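J.: how does the following fold in three dimensions:
(one chain, ligands or ions: 1)
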Amino acid sequence: MKRPVLAANWKMNNGPTAAKTFMDAFLASYPPGNDRTVIIFPPAVSLTTVATAASSRADILAGIQNIHWAEKGAFTGEISAPMAKDAGAAVVLVGHSERRHVFGETDAQCAQKCCAASKAKLAFMLCVGETMQQREAGETERLVTRQLREGLSETPNLIAADFMLAYEPVWAIGTGLTASAGDASAIHTVLRSELREMIGTRADEIPILYGGSVNATNAAGLLAAPEIDGLLVGGASVEASSWLIIAQS
Ligand code: PGA
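T.: Coordinates of the predicted model:
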């Protein structure tokens, strides 16, 4: 029986005031449960607000959307893994497609970030996914496999590391074009078998989430697929009302 992971990626939405309003509304209606984990990735300025609000709930974790790989130093505007942890993060999102495609993040940088998270004893969620052009060119499997292998290449003791994967086809993010449960499952199966080659049976314990235009209407159908262990949700996670439905899917 899988334990689903429902993750909200607020992107650049919900500053501290809105985050507090969201958490008050969400917590008032979302009963504590042992059958699933909720992760909320607010913008960094709202991290402490979310972490504090959820502090009495073991089933709700706060995460950070991005980190720098160094522990500290002259990196204006950046946040390190130990700092994120100090501010209440339990999980780090690494290699989200907007980081890769808008900010030019490479597989090598993702690898350093996964390593930094792991060293700081933070869980990390590595995102992989293809563009429409890559999909049409038949490159999806090769690409996500490379993103997986390279992204995990620097993590010390990968077998014991606390991490998750998110398959997010770039063409499905924020577009309203959701991958079908079957299409997503096919790639999840590829990722799982690649992971088995890397870390053996431990691979079966690593949650693989799907993300890309998940909403309150399609969440339950996607989550019903045995290969889909959770959902990473952007636009539909920003408002507490729709997130409440998705988190209970
Ligand atoms: P979306 O974003 O749900 O708005 O498509 C998903 C994501 O980018 O994580």
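J.: who's in contact with Thr21?
T.: Ala240 (CB atoms under 8 Å, 6 or more residues apart in numbering). Just so you know, the C-beta spots here come from the backbone N, C-alpha and C atoms, and that holds for glycine as well.
J.: and the gap between it and Gly15?
T.: 10 Å (CB to CB, to the nearest Å).
J.: tell me who's in contact with the closest residue to the ligand within the chain.
T.: Nearest to the ligand, among the residues of the chain, is Gly234, at 2.3 Å (CB to the nearest ligand atom). By CB under 8 Å, 6+ apart, the residues touching Gly234 are Asn9, Trp10, Lys11, Ile173, Gly174, Gly211.
J.: again, but for Ser213
T.: Going by CB under 8 Å, 6+ apart, Ser213 touches Ala172, Ile173, Gly174, Thr175, Gly176, Leu177, Thr178, Gly235.
J.: who wins on neighbours among those?
T.: Comparing the contacts of Ser213 on neighbour count, Ala172 comes out first with 24 neighbours (neighbours: other CB atoms under 10 Å).
J.: got the residues of the chain near the ligand?
T.: By the rule CB under 6 Å from any ligand atom, the part of the chain lying against the ligand is 9, 168, 173-174, 211-214, 232-236.
J.: okay if I get these as JSON lines plus pLDDT, secondary structure and distance to Glu141?
T.: Converted to JSON lines, the residues of the chain next to the ligand look like this (pLDDT from 0 to 100; DSSP: H, G, I helix; E, B strand; the rest coil; distance: CB to CB, whole Å):
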{"residue": "Asn9", "pLDDT": "98", "secondary structure": "strand", "distance to Glu141": "24"}
{"residue": "Glu168", "pLDDT": "97", "secondary structure": "coil", "distance to Glu141": "15"}
{"residue": "Ile173", "pLDDT": "91", "secondary structure": "coil", "distance to Glu141": "19"}
{"residue": "Gly174", "pLDDT": "89", "secondary structure": "coil", "distance to Glu141": "23"}
{"residue": "Gly211", "pLDDT": "97", "secondary structure": "strand", "distance to Glu141": "18"}
{"residue": "Gly212", "pLDDT": "96", "secondary structure": "coil", "distance to Glu141": "17"}
{"residue": "Ser213", "pLDDT": "95", "secondary structure": "coil", "distance to Glu141": "21"}
{"residue": "Val214", "pLDDT": "97", "secondary structure": "coil", "distance to Glu141": "22"}
{"residue": "Leu232", "pLDDT": "98", "secondary structure": "strand", "distance to Glu141": "20"}
{"residue": "Val233", "pLDDT": "98", "secondary structure": "strand", "distance to Glu141": "24"}
{"residue": "Gly234", "pLDDT": "98", "secondary structure": "coil", "distance to Glu141": "24"}
{"residue": "Gly235", "pLDDT": "97", "secondary structure": "helix", "distance to Glu141": "27"}
{"residue": "Ala236", "pLDDT": "98", "secondary structure": "helix", "distance to Glu141": "28"}
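J.: which two of those have the greatest separation?
T.: Taking CB to CB, the two most distant members of those are Glu168 and Ala236; they sit 13.9 Å apart.
J.: those two: which is more packed in?
T.: Per other CB under 10 Å, whichever of Glu168 and Ala236 has more neighbours is Glu168, with 28 against 20.
J.: if I look at the more buried one, how far off is Ala87?
T.: Computed as CB to CB, the Glu168 to Ala87 distance reads 25 Å.
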